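J.: Fold the following and give me the result.
(4 chains)
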Protein chains: 2
Amino acid sequence: MDTPAQSKLLQFFKALAHESRLKLLGLVAQREHSVQELAALVGLKEPTVSHHLTMLKKLGLVSQRQDANTHWYALEPEAIANLAKQVLSREQIAGLASEADPADWQAKVLETFIAADGALKSIPASRKKRWAVLAWLVRQFEDGRRYTEAEINTRLLERHWDSATLRREFIGYKMMAREAGVYWRLPEADWVSEAATPAG
Amino acid sequence: MDTPAQSKLLQFFKALAHESRLKLLGLVAQREHSVQELAALVGLKEPTVSHHLTMLKKLGLVSQRQDANTHWYALEPEAIANLAKQVLSREQIAGLASEADPADWQAKVLETFIAADGALKSIPASRKKRWAVLAWLVRQFEDGRRYTEAEINTRLLERHWDSATLRREFIGYKMMAREAGVYWRLPEADWVSEAATPAG
DNA sequence: CGTCTAATTAGATACCCATCGAATGAGGTT
DNA sequence: AACCTCATTCGATGGGTATCTAATTAGACG
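T.: Below is the predicted model of the structure:
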């Protein structure tokens, strides 16, 4: 499920994240070099250097030409420039996180606190996790409809014994409103931002 | 003996070379996040996330502010831009190799083939290594002076039994010239390039 | 001053990957 | 065809580090 661009960027960084490969890049940036030369220059054995060069070549960071059975490697300068361009923009960086979005987070919290039969194992102590659970819970009440406290309790008791606390929290988190013993859901727009905004 | 700039660049790449940290960077690029949120969003435990954030902060890639005991992390955009600028230039890349230069390579070859007492253990089979050894050997003859074949042999036999091969190689590599049984060194400028130029 | 939450630190485990030696492949020369 | 040189592939080993749990620190609130 990786966006290709993402894993590509990751691969770039992985390729550049080792001293040996950085040195190799440095050497081939100066001029063409054979595997043997490079091995001697960086103090590694040829198989190791060959391995690194293969990786760099796959990513298009170096080019290779063959003369007899000697392979000459050189830097592919544009690739580096392109990479740098990508890294430059903040939007690109922000895009890296697309895999991990709030929905995932909430799913994870729910998975932790909701049993397979739908029962709420416990009320999360942490404010944010509690919010996630309550958000899930409150969505099981119809929007626009009015509920008596008894109706609320009945529904809640299917999930957890402490219906009183849950009811109170609904009000506290502004997910529900109460008037004269009657409850109703408030529009999500009023409380969904809670999860996102840090200093609310 | 690291140039600080180099290891710094390496650290940057290492920091960006892991999926978790890239995701974290992506998230804090969108807006401020607490450790708890980030942990949930990337599916890791808080200590792990904390560890990564500490690293990113040390490198100046993220900023941190504290509100109560919640730590809010955000992207430090200029750091990324600076990094990208560095990566952009070919000269920078070439500079990465400054630790490993031809002198090192030759030293390494010599270390392998020359015994502690100065004897040549064996004549390298590889052309480039043979060149390196011969270059070292020929420098033990005075420049500009003329040698008889007997003189040459005497010197060479101190290093290796096969003086005939070595003599012949000197000629072949154009490190020495011979005329009417008399030998003399040729200017290094005529043969040092041999090691550097690929297709010579 | 005890308790609760958030975050960090410490210590242990497990996995990834850089490196190496040995074997194999590819190209050239005699 | 036998041999030599350079490079790559293969399989195994070790080191680095990402991740976890448990313990500690720091801050807020009653």
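
J.: CA atoms for contacts and neighbours, from now on please.
T.: Will do.

J.: element containing residue A:184, please.
T.: Element membership of residue A:184 [criterion: DSSP states H and E] is strand A:182-185.

J.: so which strand or helix has the closest residue to residue A:171 other than its chain neighbours?
T.: Counting by C-alpha to C-alpha, 6 or more residues apart in numbering or on different chains, residue A:171 lies nearest to residue A:177, which is 5.8 Å off, once chain neighbours are set aside. Assigned by DSSP H and E, residue A:177 falls within strand A:176-179.

J.: Check which helices and strands that strand is in contact with.
T.: Where contact means 3 or more C-alpha pairs under 8 Å, 6 or more residues apart in numbering or on different chains; DSSP states H and E, strand A:176-179 is packed against helix A:163-172, strand A:182-185.

J.: near DNA strand D at all, the longest one?
T.: No. When contact is scored as C-alpha under 7 Å from any atom of the strand, no part of helix A:163-172 falls within range of DNA strand D; the minimum is 14.0 Å.

J.: list the buried ones in that helix?
T.: Using 16 or more other C-alpha atoms under 10 Å in any protein chain shown as the test for burial, helix A:163-172 gives A:163, A:166, A:167, A:169, A:170, A:171.

J.: cool, the last one as well?
T.: Applying a neighbour-count criterion of 16+ other C-alpha under 10 Å, one finds A:183, A:184, A:185 buried in strand A:182-185.

J.: How many neighbouring residues does residue A:120 have?
T.: Per other C-alpha atoms under 10 Å in any protein chain shown, the neighbour tally for residue A:120 reads 21.

J.: Now it. Nearest residue, chain neighbours left out?
T.: Here the residue nearest residue A:120, using C-alpha to C-alpha, 6+ apart, is residue A:114, at 4.7 Å.

J.: check contacts around residue A:152.
T.: Contacts for residue A:152 were tallied using C-alpha atoms under 8 Å, 6 or more residues apart in numbering or on different chains; they are A:167, A:183.

J.: name the helices or strands packed onto the strand holding residue A:184?
T.: Looks like strand A:182-185 contacts strand A:146-148, helix A:149-157, strand A:176-179 (3+ C-alpha pairs under 8 Å, 6+ apart).

J.: can I get these in JSON lines with mean pLDDT?
T.: Shown next, in JSON lines, are the helices and strands packed on strand A:182-185 (pLDDT from 0 to 100):
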{"stretch": "strand A:146-148", "mean pLDDT": "83"}
{"stretch": "helix A:149-157", "mean pLDDT": "84"}
{"stretch": "strand A:176-179", "mean pLDDT": "84"}
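
J.: Output these as CSV; include the columns distance to DNA strand D.
T.: Output for those, formatted as CSV (distance: least, C-alpha to the nearest atom of the strand, whole Å):
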stretch, distance to DNA strand D
strand A:146-148, 30
helix A:149-157, 27
strand A:176-179, 22
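
J.: Compare these and report which one is nearest to residue B:83.
T.: Residue B:83 lies closest, by C-alpha to C-alpha, to one member of the helices and strands packed on strand A:182-185: strand A:176-179, at 48.8 Å.
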